[in-house]
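Visitor: Here is my input, please return the structure:
(one chain, ligands or ions: 1)
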Amino acid sequence: MAELETRYHQVLVDGGASQPVAGKKWFKMIVAAIGGCGLVLLAVFDASLSSSTLQSATTSTSLVGLTSPRLRFPQFAKASQPMNLPHQQPKQHLRAVVTQATPDYKLCYFDIRGVAETARMLFAISKTPFEDKRFTIKMGIPGNFSTIERPEFDAAKSAGELDCNLGKAPYLEVDGKKVGQSKAIERYLAKQFGLFGADDLEAAVIDQLCEHVVDFRNAYMRARSTQGDEAKAAATKKFFDETLPTNMKLFEKSLPAGESGPFLLGKQVTLADVNLYQFVAAPGGAFDNQFSNNKEEAKASFENCPRIKAAMEAVAAIPELKAHIAERPERPF
Ligand SMILES: N[C@@H](CCC(=O)N[C@@H](CS)C(=O)NCC(=O)O)C(=O)O
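Guide: Numbers count the residues shown, from 1 in each chain. Prediction:
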């Protein structure tokens, strides 16, 4: 039996190129038959997914960046070479392999753009329906958070509904299961919608670019928390005049070489594009709201970064995103 398993493994992993370990002829025949069935099943399964399913998957199902046959046989993930079935090119990744009903998504956050807006953009770009649950907020004095009233949020927090995000918002519900932390939600949704790269390495580069944005945001927050009005104004000016343009050039240099765009990582929009867009270029983004009226400085910061510029223009031109921005409720931040 151990021999049979070994041979079956070889058939799946290297297409049977290795020498069988079994010595007896009848045993070889059984093993070959089992291996052959496995191959036929794999081929049929792959072929059935390659054309029509792939088409419909892009609109109604999850897109996952996994290569076959590793998806189906994760225990063989460490195999040195994936098996190349006849219609597969070496190194070609099957982007859509799992068809499934779209889950019930519910995103719970305040009735503002805030840290949930990138997630809402991901829903819009992927044309995925979701419940956009918004806790109302009322400011006694505009911009003064000590005068804020948010009865629905308070009730939800007392009821333990926000426990997954340490008593804060947002959280995402997927078929009743909750995920907290806005960045975790973004990554999860991007993976579900095929906006997180074609493989783990591309996903890591997308992560890298998103973390750059976190660093840039932290630099801005440090400038904004400078004590004293004059010192704070000077620190904020320095951020837009020097820090942000320098950072954008570094961001551009950090992009993988050889991609022709228009998006940061090639032809396909990813979470990295949407994240950077919401930070420096989106209407109502990080520098275009009640607390920051610096959208022109933000846009100027990547004027000399051709790849970023092209990517930001390409994101701005996505019809579904344009519609989302035009139709979303007007809020101060
Ligand atoms: N790291 C968390 C931060 C969550 C957070 O601070 N949420 C704020 C709104 S942006 C909140 O719920 N504030 C209400 C409170 O602290 O009472 C995330 O990104 O999800």
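Visitor: and L107, which of the three is it?
Guide: Assigned with DSSP: H, G, I helix; E, B strand; the rest coil, L107 falls in the strand class.
Visitor: Pull up the per-residue confidence for it.
Guide: Note for L107: predicted pLDDT of 98.
Visitor: residues in contact with it?
Guide: Going by Cβ atoms under 8 Å, 6 or more residues apart in numbering, L107 touches 116, 119-120, 123, 130-133, 170-173, 185. All C-beta atoms are positioned from the backbone trio N, CA, C, and that covers glycine.
Visitor: Dump the residues you listed into a markdown table; add pLDDT, secondary structure and distance to P151 as well.
Guide: Below are those laid out as a markdown table (pLDDT from 0 to 100; DSSP: H, G, I helix; E, B strand; the rest coil; distance: Cβ to Cβ, whole Å):
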| residue | pLDDT | secondary structure | distance to P151 |
| --- | --- | --- | --- |
| A116 | 98 | helix | 19 |
| A119 | 99 | helix | 24 |
| R120 | 98 | helix | 23 |
| F123 | 98 | helix | 26 |
| F130 | 98 | coil | 24 |
| E131 | 98 | strand | 20 |
| D132 | 98 | strand | 19 |
| K133 | 98 | strand | 14 |
| P170 | 98 | coil | 18 |
| Y171 | 98 | strand | 18 |
| L172 | 99 | strand | 22 |
| E173 | 98 | strand | 21 |
| I185 | 99 | helix | 24 |
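Visitor: and the closest residue in space to A234 that isn't next to it in sequence, how many neighbours?
Guide: Spatial nearest neighbour of A234, excluding adjacent residues (Cβ to Cβ, 6 or more residues apart in numbering): T226 at 7.8 Å. Applying the criterion other Cβ atoms under 10 Å, we find 16 residues in the vicinity of T226.
Visitor: Contact partners for T226?
Guide: Applying Cβ under 8 Å, 6+ apart, the residues contacting T226 are K232, A234, A235, T236.
Visitor: quick revisit: TSV please, covering the contacts of L107 and showing distance to K191 and neighbour count.
Guide: Listed next are the contacts of L107 as TSV, based on distance: Cβ to Cβ, whole Å; neighbours: other Cβ atoms under 10 Å:
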residue	distance to K191	neighbour count
A116	18	22
A119	13	24
R120	17	20
F123	14	18
F130	16	21
E131	20	11
D132	20	17
K133	22	16
P170	17	23
Y171	17	24
L172	13	25
E173	17	19
I185	11	23
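Visitor: Nearest to the ligand among those?
Guide: Each of the contacts of L107 was scored against the ligand by Cβ to the nearest ligand atom, and P170 proved nearest at 5.8 Å.
Visitor: in the stretch 201-333 of the chain, what residue is nearest the ligand?
Guide: Scanning the stretch 201-333 of the chain for the residue nearest the ligand gives F333, at 9.8 Å (criterion: Cβ to the nearest ligand atom).
Visitor: what's the closest residue in space to that residue that isn't next to it in sequence in contact with, if anything?
Guide: When the adjacent residues along the chain are set aside, F333 lies closest to N289, with 4.0 Å between them (Cβ to Cβ, 6+ apart). Residues near N289 by Cβ under 8 Å, 6+ apart: R113, P332, F333.
Visitor: Pull out the buried residues from these.
Guide: R113 (16 or more other Cβ atoms under 10 Å).
Visitor: Report the lowest-confidence entry in the contacts of N289.
Guide: P332 (92).
Visitor: in the stretch 201-333 of the chain, which spans are helices?
Guide: Counting by DSSP state H, counting those that start in this stretch, the segments of the stretch 201-333 of the chain that form helices are 229-238, 244-254, 271-280, 295-300, 306-316, 319-327.
Visitor: now the stretch 51-200 of the chain
Guide: Counting by DSSP H, counting those that start in this stretch, the stretch 51-200 of the chain forms helices over residues 54-60, 117-125, 151-158, 182-192, 200-224, given from the N-terminal end onward.
Visitor: how does this protein divide into domains?
Guide: When the chain is parsed with automatic domain parsing, its domains come out as 2-76, 105-190, 198-327.
Visitor: hmm, the second one in reach of the ligand?
Guide: Going back to what we said before, that points to domain 105-190. Yes. Using Cβ under 6 Å from any ligand atom, domain 105-190 reaches the ligand at G114, V115, N165, K168, A169, P170, Q181, S182, K183.
Visitor: what does stretch 215-222 give?
Guide: No. Contact check for stretch 215-222 against the ligand, using Cβ under 6 Å from any ligand atom: none in range, with a minimum separation of 11.2 Å.
Visitor: Name the residues of that stretch that come out as buried.
Guide: Applying a neighbour-count criterion of 16+ other Cβ under 10 Å, one finds F216, Y220 buried in stretch 215-222.
Visitor: Go ahead and confirm the residue of the stretch 201-333 of the chain closest to the ligand touches E117.
Guide: No. F333 sits out of contact with E117 when judged by Cβ atoms under 8 Å, with a separation of 9.7 Å.
Visitor: Could you export stretch 227-237 as PDB, CA atoms only?
Guide: Extracted as PDB, the C-alpha positions of stretch 227-237 are listed here (Å, rounded to 0.1, in the frame of the first residue of the first chain):
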ATOM      1  CA  GLN A 227       2.400  70.500  19.300                       C
ATOM      2  CA  GLY A 228       1.800  74.200  18.800                       C
ATOM      3  CA  ASP A 229      -0.200  75.700  15.900                       C
ATOM      4  CA  GLU A 230       2.900  77.200  14.100                       C
ATOM      5  CA  ALA A 231       5.100  74.200  14.600                       C
ATOM      6  CA  LYS A 232       2.200  71.900  13.400                       C
ATOM      7  CA  ALA A 233       1.600  74.000  10.300                       C
ATOM      8  CA  ALA A 234       5.400  73.900   9.500                       C
ATOM      9  CA  ALA A 235       5.500  70.200  10.000                       C
ATOM     10  CA  THR A 236       2.500  69.600   7.800                       C
ATOM     11  CA  LYS A 237       3.900  71.900   5.100                       C
END
